[in-house]
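*Asks:* predicted model follows, preceded by the sequence.
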Amino acid sequence: MVARQLLDTVEYKGKLPNYASGANRRRVLNIICKGACRGKTRWAEMEVDYPGREKLRQAQVDDYIAHCLYCGWEAPDPYNWTR
Ligand SMILES: [Zn+2]
């Protein structure tokens with residue numbers, strides 16, 4: 001479990017689409033964008049480093065903010081945020 005949490009917090013090393021290629025890889029994750037992307041899954045960047053799957057799962061509205069790297073929409077709640 002500890003090892004898994006450590007893995008969760010490291011830089012994202014997978015592929016990113018062009019619109020997200022300049023993002024901070026410690027902070028990127030997928031959100032469902034309800035802004036101009038109208039419900040599409042988009043890469044977003046958090047205001048803080050990725051806290052790990054477990055913390056994210058327990059987070060409440062306003063604990064974290066992420067903005068869509070495609071349209072700039074700011075996600076106020078951490079639901080359905082995945083990596
Ligand atoms: Zn968007």
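*Replies:* Arrived safely.
*Asks:* how about the residues of the protein that lie near the ion?
*Replies:* 33, 35, 37, 42, 68, 70-71, 73 (C-beta under 5 Å from the ion). Every residue, glycine included, has its C-beta placed from N, CA and C.
*Asks:* buried members of the residues you listed into PyMOL, please.
*Replies:* Buried members of the residues of the chain next to the ion, defined by 16 or more other C-beta atoms under 10 Å, are picked up in PyMOL with:
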select buried, resi 33+35+42+68+70+73
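*Asks:* partners of the helix or strand hosting Arg42, with directions?
*Replies:* Applying DSSP states H and E as the criterion places Arg42 in strand 41-46. Looking at strand 41-46 with DSSP bridges, its partner strands are strand 28-32 (antiparallel), strand 66-68 (antiparallel).
*Asks:* please convert the residues of the chain next to the ion to JSON lines, extending it with pLDDT and secondary structure.
*Replies:* Output for these, formatted as JSON lines (pLDDT from 0 to 100; DSSP: H, G, I helix; E, B strand; the rest coil):
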{"residue": "Cys33", "pLDDT": "97", "secondary structure": "coil"}
{"residue": "Gly35", "pLDDT": "97", "secondary structure": "coil"}
{"residue": "Cys37", "pLDDT": "98", "secondary structure": "coil"}
{"residue": "Arg42", "pLDDT": "98", "secondary structure": "strand"}
{"residue": "Cys68", "pLDDT": "98", "secondary structure": "strand"}
{"residue": "Tyr70", "pLDDT": "98", "secondary structure": "coil"}
{"residue": "Cys71", "pLDDT": "98", "secondary structure": "coil"}
{"residue": "Trp73", "pLDDT": "98", "secondary structure": "coil"}
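*Asks:* hang on, isn't Lys40 packed against Cys33?
*Replies:* Yes - in this structure, Lys40 is within contact of Cys33 by C-beta atoms under 8 Å, at 5.7 Å.
*Asks:* list the residues that contact both of those two?
*Replies:* Counting by C-beta atoms under 8 Å, 6 or more residues apart in numbering, the common neighbours of Lys40 and Cys33 are Tyr70.
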